[in-house]
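Visitor: Structure here, sequence nowhere to be found:
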């Protein structure tokens, strides 16, 4: 090992370390985001056919979208507390003329019926996804999540977590943009 | 009062660390008379931090709910052992333990180190004090463990149930002793760079400290692996997750260091490389500990929960690692070259060992940090899993086994291929026999486990070969240490390969009364009943396992619900027999009265941890041998004088 000829190599560890520091610093400065955005945004809905998730309601399939009009797809569950918290906002959106469908995750029809009776029913159709299969295919990591699907059946926007009153304008804007 | 006493002790220790650094710098700059006070200050500093840590433990044992940290992590219903161990089962407490070990290690060097040149020793203690200062500042300004809450709440929040395990009492302290023990090697390297005194005497002085830290790290990793195996209930013993990698990386660097320091001590070779490894080993500890503690790796953004803390840590890393690497770049060119050696020699094999260990270290480092890098650059979240690590590090590790088998059979300085081949004949024969045996009797298995099993036979034989033709009673302890440690590697390798190749798994939904088979076992599900513990309730399943004609064994496994904080854990039932373990986990029930049962038969899996224990035992024998020999030669010198 001839140290004089390889002097540059002596500095290599320091340079390598500084590159790592750069990456850590970027990680620090980045704004906090705990959500995992779906990679499906901008892509067509996955193919699915779900049975009815509540008595007296129709089930949900991919074919119900792509009918020329944007729709909201709300991923929820009767056992989910934030889902109850967002119910007034969904009702508000439905009253504003937005068509909303839902997928009930790991749920029982009678429980969903109870939930709708208690918190209101803004939905046109409810599909039952007992194994979270469609939820996973949608790239949704939890409940509640709400997707804006455009008239061609393409997912245009994803809202993670419950829809709070202050989120309603953004959702309405996303629905408008999807027209 | 206790909290304030602890805080005061911590402040005093920090002030002493500052004084120690100042005196060391002044002493080295010509005020030689000041150097005499550095050693006692280092010792007192260690004692003060130990008092602070003891105060925190008392607060936890008493469940003093006026202290914020106790409120967040303690609960009066917890058993005494977990109240005790809970003191370090959280961020602030584990940081305090970290600093305690750092200061105690510095104190131990000040008390016991007699071989090192005095100037280098003072520079070493100065470096240790400098590291200490940064972490005292971090504790006192950003992670104060003694902060009070007012008014105190009626009850604490409890400790994560996964951590409520006897393993927690022992695993983190052992691991931390290893991590932070490496700080001594780091400080030695910095001290030697400062005084330009890198040579065999320096290496001989550093070796016992490296060895001690390495033993602790080995024990800590082995214990941690077993803890994950039985407590997490997934039946795996290594998951390549960032926390494990954070402990593996310093271990790899320390293992390389251990071997290169021997070359430096014996043959005065690899000077710059040894210093580099000493810096890298502790740097890996620091990066590892903090990336894990801050959560930047498991979730990059857990760091951002408290950006001040994250920035603080990053600043410390830049100062210490960046500073040491800068010193290395500046100074190592002026360290004289060591002696030369031939490629085929003990040194040559140790260089290959170092290169391969460094390559594995690089692979683990890249795999661990890649998600972080990828997110910093593209914003995409991803994780790197076992397929990458196994396929990238596996072949190199197997190659390392071959070098490990051959290395100890080579002579120092210069050797020849032909006698080596002759010395390796018996191990090679055993390797061939193992291959033959597996080809005939074993079911087809993957290439890695196959190579692992086959090589393990040869490595085991080669590792005891250094004892051949020696008088066993007169063989020095450190030779025994090497033999046992290398044998331990072979034993662990058999366990890993066998577990990978021959594990049998059965996943069933069972009704009480049904019998299911896994490997050679028939397991009857007898039923479930509720049970309660001090801070949990559980469903306990009773099973009866029979194998061949041997008497039936009764197994119990629980699915536990802790209520503070509310969490569910699975307590696996593990039956150990001579040739493996039967591992049973109870899952959920469905509404038709069936229970999920997961049954594994893992042949020879225990060898993994027995091997780890042997490796550590080898290290301990070697350490004992070296220390005794030093002592004997010092006594002899004193007798002459």
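Guide: Nice, I can see it. Computed from a prediction, not measured in an experiment: that's the story for all the values here.
Visitor: so how far is the helix or strand bottoming out on mean pLDDT in chain A from its chain's centroid?
Guide: Ranking every helix and strand in chain A by mean pLDDT, DSSP states H and E puts helix A:7-29 at the bottom, with a mean of 79. Offset of helix A:7-29 from its chain centre (C-alpha atoms, centre = their mean, to the nearest Å): 37 Å.
Visitor: which other helices and strands contact that helix?
Guide: Counting contacts by 3 or more C-beta pairs under 8 Å, 6 or more residues apart in numbering or on different chains; DSSP states H and E, helix A:7-29 packs against helix B:271-294, helix B:307-317, helix B:323-331, helix B:346-378. C-betas here are computed from N, CA, C, even on glycine.
Visitor: And the helices in chain A?
Guide: Remark: helices assigned in chain A by DSSP state H are A:7-29, A:81-95, A:109-119, A:133-137, A:168-177.
Visitor: Let me have those in CSV, extended by mean neighbour count.
Guide: Below are the helices of chain A laid out as CSV (neighbours: other C-beta atoms under 10 Å in any protein chain shown):
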stretch, mean neighbour count
helix A:7-29, 15
helix A:81-95, 18
helix A:109-119, 16
helix A:133-137, 16
helix A:168-177, 15
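Visitor: mind checking which of the ones you listed is nearest residue A:147?
Guide: Smallest distance to residue A:147 across the helices of chain A (C-beta to C-beta): 9.7 Å, for helix A:168-177.
Visitor: Might you report the residue contacts of the closest residue to residue B:82 other than its chain neighbours?
Guide: Distance criterion C-beta to C-beta, 6 or more residues apart in numbering or on different chains; nearest residue to residue B:82, sequence neighbours excluded, is residue B:164 at 4.9 Å. By C-beta atoms under 8 Å, 6 or more residues apart in numbering or on different chains, residue B:164 lies in contact with B:78-79, B:82, B:535, B:562.
Visitor: tell me which of those residues is nearest to chain A?
Guide: Ranked by distance to chain A (C-beta to the nearest C-beta), the contacts of residue B:164 are led by residue B:562 at 21.0 Å.
Visitor: May I ask you to confirm that that closest one belongs to a strand?
Guide: Yes - when DSSP: H, G, I helix; E, B strand; the rest coil is applied, residue B:562 is found to be in a strand.
Visitor: Thought residue B:19 was touching residue B:38, still the case?
Guide: No - the pair residue B:38 and residue B:19 fails to qualify as a contact (C-beta atoms under 8 Å) at a distance of 9.2 Å.
Visitor: Who has more neighbours out of these two?
Guide: Relative neighbour count places residue B:38 above the other of residue B:38 and residue B:19, with 26 against 15, counting by other C-beta atoms under 10 Å in any protein chain shown.
Visitor: still on that earlier bit, where does the residue nearest to residue B:82 land on pLDDT?
Guide: With respect to pLDDT, residue B:164 scores 70.
Visitor: quick one on the thing from earlier: quick check: which of the helices of chain A is nearest to residue B:355?
Guide: With C-beta to C-beta, the closest approach to residue B:355 among those belongs to helix A:7-29: 14.2 Å.
Visitor: sorry, back to before: if any of the contacts of residue B:164 are buried, put those into a PyMOL selection.
Guide: Here is the PyMOL command that selects the buried residues among the contacts of residue B:164 (16 or more other C-beta atoms under 10 Å in any protein chain shown):
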select buried, chain B and resi 78+82+535+562
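Visitor: can the contacts of residue B:164 go into JSON lines with extra columns for secondary structure, distance to residue B:515 and pLDDT?
Guide: Shown next, in JSON lines, are the contacts of residue B:164 (DSSP: H, G, I helix; E, B strand; the rest coil; distance: C-beta to C-beta, whole Å; pLDDT from 0 to 100):
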{"residue": "B:78", "secondary structure": "coil", "distance to residue B:515": "39", "pLDDT": "81"}
{"residue": "B:79", "secondary structure": "coil", "distance to residue B:515": "36", "pLDDT": "84"}
{"residue": "B:82", "secondary structure": "helix", "distance to residue B:515": "37", "pLDDT": "85"}
{"residue": "B:535", "secondary structure": "coil", "distance to residue B:515": "35", "pLDDT": "78"}
{"residue": "B:562", "secondary structure": "strand", "distance to residue B:515": "32", "pLDDT": "79"}
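Visitor: okay, among the contacts of residue B:164, which ones form the most distant pair?
Guide: Farthest apart among the contacts of residue B:164 by C-beta to C-beta are B:79 and B:562. That separation is 12.4 Å.
Visitor: what packs against the host helix or strand of residue B:204?
Guide: Secondary-structure assignment from DSSP states H and E places residue B:204 in helix B:200-231. Under the contact criterion of 3+ C-beta pairs under 8 Å, 6+ apart, helix B:200-231 touches helix B:166-195, helix B:242-267, helix B:271-294, helix B:607-640.
Visitor: Now do stretch B:393-400: everything it contacts.
Guide: Residues from elsewhere that reach stretch B:393-400 (C-beta under 8 Å, 6+ apart): B:353, B:356-357, B:359-360, B:363-364, B:448, B:451-452, B:455.
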